[in-house]
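1. Give the three-dimensional model of this entry:
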Amino acid sequence: MTNFFEQATDELTQDSFLSWLVSNTNDPVIGKISKKFINFLWDEKNSLNEEKIEFVSADRQFKKIDIIVNFKVNGKPHCLIIEDKTNSSEHSDQLQKYKDEVQSWPETSERPTSYVYYKTGELNDDEIKKAEKAGFRIVELKDIYNFFKTLNTDCEIINHYSEHIKNLYEERNVISKDKNTLNWSFENWKTYCKKVISPRYNNLTFYYSIYLGRYFSLIIYFKGEYSESSCLEIFFRKGNEISATVHPYKCNGSDNTWKRVNNPIICRKIDEKFRTCKNDSFKRFGKSQTVATSIKNIEKEDIETVELKLIKWINDFIEFFNELNVK
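-> Down below sits the predicted model:
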């Protein structure tokens, strides 16, 4: 049977599963797992008496908070606030806003409340700092994997989720043994790029992003102090070829940093260079946020062939564009 969570990968699906699991403390089949999961989320330093946990309610998207779990332990009310993420990140100081909202409720002062940032996607340094500052306990993929791998149940829903978490964990930590890249997931590509491609280049900075399950983007920046520069973005899409674009890049953190109109110096230099120099990897492509694009996309096939082509793209990018960067 196809794993449900491999097909439904968005945050709303995971929200539904988490709400369902914590709501079943009284179920004769999975009640113990439900209580164990609440205890796992609660606070690793102050565990609860699992036998005395009694579910009360689980509200979703109240005041934009993903999940609010109300339960009792020995008859005493407790509250668990869960911000759930798959591949998106904390934004707009949402965690602090949620914390402030919950603490404004009169009942909060009368009951223990725990705040959890539950994420199966990869964490970045910025969201870790924001979660810690807002007082959210971070529960990341490794923690989730270690919890679910210990469970023994005949419940198909839980087993599907456990398998999904196991697959995510292995994809993120182990390079795929499948040589046919047509079968690779975005996490497979991300792990491969991190462990094989980026260690080759000390003079470049690599940024990895999976965009809403639509594609994996590998963005490559030059290291150094520049007023205007360029970066290479490589797109890995499902069932499609791998493509690349070169963007202008303003290095002062202003809005629309990639727009051509805001990067006139580097764009003019690149345009002039294309008039006099032949390049095997890129062609001029003067759209809103792009100065060049791949002459020929890479077809997904055996990884050795793809690797050689990716490295050529990166090396040509370095050779052709490094001298154009504006100090």
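2. For the rest of this, base every contact and every neighbour count on C-alpha atoms.
-> OK.
3. Excluding chain neighbours, give the residue nearest to the residue nearest to the spatial centre of the chain in space.
-> Compute the mean C-alpha point of the chain, and by CA atoms, centre = their mean the closest residue is Asn87, 3.2 Å away. Nearest residue to Asn87, sequence neighbours excluded (CA to CA, 6 or more residues apart in numbering): Gly121, at 4.6 Å.
4. quick one: that neighbour and Thr86 touch, right?
-> Yes: using CA atoms under 8 Å, Gly121 is in contact with Thr86, at 4.7 Å.
5. Same drill for the two, tell me which one is more crowded.
-> Taking neighbours as other CA atoms under 10 Å, Gly121 and Thr86 compare with Thr86 leading, 21 against 18.
6. Go ahead and confirm the more buried one touches Val139.
-> No: Thr86 is not in contact with Val139 according to CA under 8 Å; the separation is 11.9 Å.
7. Give the helix, strand or coil label for Asn87.
-> Following DSSP: H, G, I helix; E, B strand; the rest coil, the label given to Asn87 is coil.
8. Return the residues in contact with it.
-> Shown in contact with Asn87 (CA atoms under 8 Å, 6 or more residues apart in numbering): 119-122, 210-213.
9. Distance check, it against Leu141.
-> According to CA to CA, to the nearest Å, Asn87 stands 11 Å off from Leu141.
10. Ok, Glu122 next?
-> Remark: distance between Glu122 and Leu141 (CA to CA) = 8 Å.
11. Looking at those two, which one has more neighbours?
-> Remark: of Glu122 and Leu141, Leu141 carries more neighbours, 21 against 17, as counted by other CA under 10 Å.
12. about what we covered before: quick check: the residue nearest to Asn87 is in a strand.
-> No: counting by three-state DSSP, Gly121 falls outside a strand, being coil.
13. any idea of the pLDDT on it?
-> pLDDT for Gly121: 86.
14. Also the one 10 residues further on?
-> Ala131 is assigned 95 on the pLDDT scale.
15. Show me what counts as buried in the helix or strand containing it.
-> Here Ala131 is covered by helix 125-134, with elements defined by DSSP states H and E. The neighbour-count check on helix 125-134 (16 or more other CA atoms under 10 Å) flags 127-128, 130-131, 134 as buried.
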